[in-house]
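J.: just a sequence and a predicted model for now, questions to come.
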2 protein chains.
Amino acid sequence: MTEPEQLGFRALADPTRRSILRLLASQDMTIAEVAENFDMTRAAVKKHLTILDEGNLISVETDGRSRINRLNPIGLKGVFDWFSYFDAFWDSRLDTLKSEIEKDTQ
Amino acid sequence: MTEPEQLGFRALADPTRRSILRLLASQDMTIAEVAENFDMTRAAVKKHLTILDEGNLISVETDGRSRINRLNPIGLKGVFDWFSYFDAFWDSRLDTLKSEIEKDTQ
DNA sequence: TCTATATGATACCAAAAGGTATCACAACTG
DNA sequence: CAGTTGTGATACCTTTTGGTATCATATAGA
């Protein structure tokens, strides 16, 4: 069995794809518009968009011969929520680290 | 230039490594202890732990001939914080999705 | 209709990833 | 000291990944 977040995490592993997500946070874009922002072929960008779509991090809407790519909040939140499992670690342990450091510097 | 989160996201892309993180959330472990939980060689588990360490998601402390692996809250929180950029999307757009659905089902 | 344009799809390539097998080494333990 | 145990490191293999080049297809527009 595979975790539901697997394809989302896989999609986030590449810096180009994380950059695309930030781009799409400002504005929905066609494939060509996204590709203008990167020094690679449109085909390569299209592959990245496919992987982002498979990870449910974006959704794609066809409009004539254009394909509009936009952020998918559901998939993004799914990955984000995975981290809630570790809440206790940065809440309590970061505090612990902080007081250890303060103790050392006294 | 590379993002500081790059190695963290890379480390999270593999399901075995995410599983290791959850293991270490319950208890600090040596390499051998972690390896007991997976159907692969100790060498393979060690590779995963190295990648988790490179991503600052765990820290390793030497104790005699043992090496204790534990969660690193700093790196974990670094990746978590990357998502804060998208806060607006699941706060506002998930609400929008919700009201669209409610409208459709009326 | 004819042409330009936005995209889809496939073949191909180099590099990275994930794994095994194996050997070396350091450190407990009797 | 000798043997066992926990780990580090390397060579090697297969699959996946990230990219290009190329061609096919569909739609907008004159």
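T.: In hand now; what should we look at?

J.: point out where chain A drops to low pLDDT.
T.: Filtered on pLDDT under 70, chain A yields the residue ranges A:1, A:92-106.

J.: chain A: helices as residue ranges?
T.: A:6-12, A:15-26, A:31-36, A:42-54, A:73-82, A:87-88, A:94-104 (DSSP state H).

J.: reformat these as CSV; add mean neighbour count.
T.: No exception for glycine: its C-beta is placed from N, CA and C like everyone else's. Formatted as CSV, the helices of chain A follow (neighbours: other C-beta atoms under 10 Å in any protein chain shown):
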stretch, mean neighbour count
helix A:6-12, 21
helix A:15-26, 17
helix A:31-36, 16
helix A:42-54, 17
helix A:73-82, 20
helix A:87-88, 12
helix A:94-104, 10
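
J.: out of those helices, the one nearest chain B is which?
T.: Proximity to chain B, assessed across the helices of chain A by C-beta to the nearest C-beta, is greatest for helix A:73-82 (4.2 Å).

J.: between the helices of chain A, which one is nearest to DNA strand D?
T.: helix A:42-54 (3.4 Å; C-beta to the nearest atom of the strand).

J.: right, is that closest one up against chain B?
T.: No - Helix A:42-54 does not reach chain B (C-beta under 8 Å from any C-beta of the partner chain); its nearest approach is 11.4 Å.

J.: name the helices or strands packed onto that helix?
T.: Contacts defined by 3 or more C-beta pairs under 8 Å, 6 or more residues apart in numbering or on different chains; DSSP states H and E place helix A:42-54 against helix A:6-12, helix A:15-26, helix A:31-36, strand A:58-63, strand A:66-71.

J.: who's in contact with the last one?
T.: The contact list for strand A:66-71, computed with C-beta atoms under 8 Å, 6 or more residues apart in numbering or on different chains, reads A:21, A:24-25, A:28-31, A:34, A:49, A:52-53, A:57-62, B:86, B:89, B:93.

J.: which of the helices of chain A sits closest to residue B:80?
T.: Nearest to residue B:80, of all the helices of chain A, is helix A:73-82, at 7.8 Å by C-beta to C-beta.

J.: so how far is the closest one from its chain's centroid?
T.: 9 Å (C-alpha atoms, centre = their mean, to the nearest Å).

J.: tell me the residues of chain A that contact DNA strand D?
T.: Chain A has residues A:10, A:13-14, A:16, A:40-41, A:43-44, A:47-48, A:51, A:64-65 near DNA strand D, with proximity defined as C-beta under 7 Å from any atom of the strand.

J.: quick check: closest non-adjacent residue to the residue of chain A found nearest chain B.
T.: Of all residues in chain A, residue A:13 sits closest to chain B, at 3.7 Å by C-beta to the nearest C-beta. Once flanking residues are discounted, residue A:13 sits nearest to residue B:13: 3.7 Å by C-beta to C-beta, 6 or more residues apart in numbering or on different chains.
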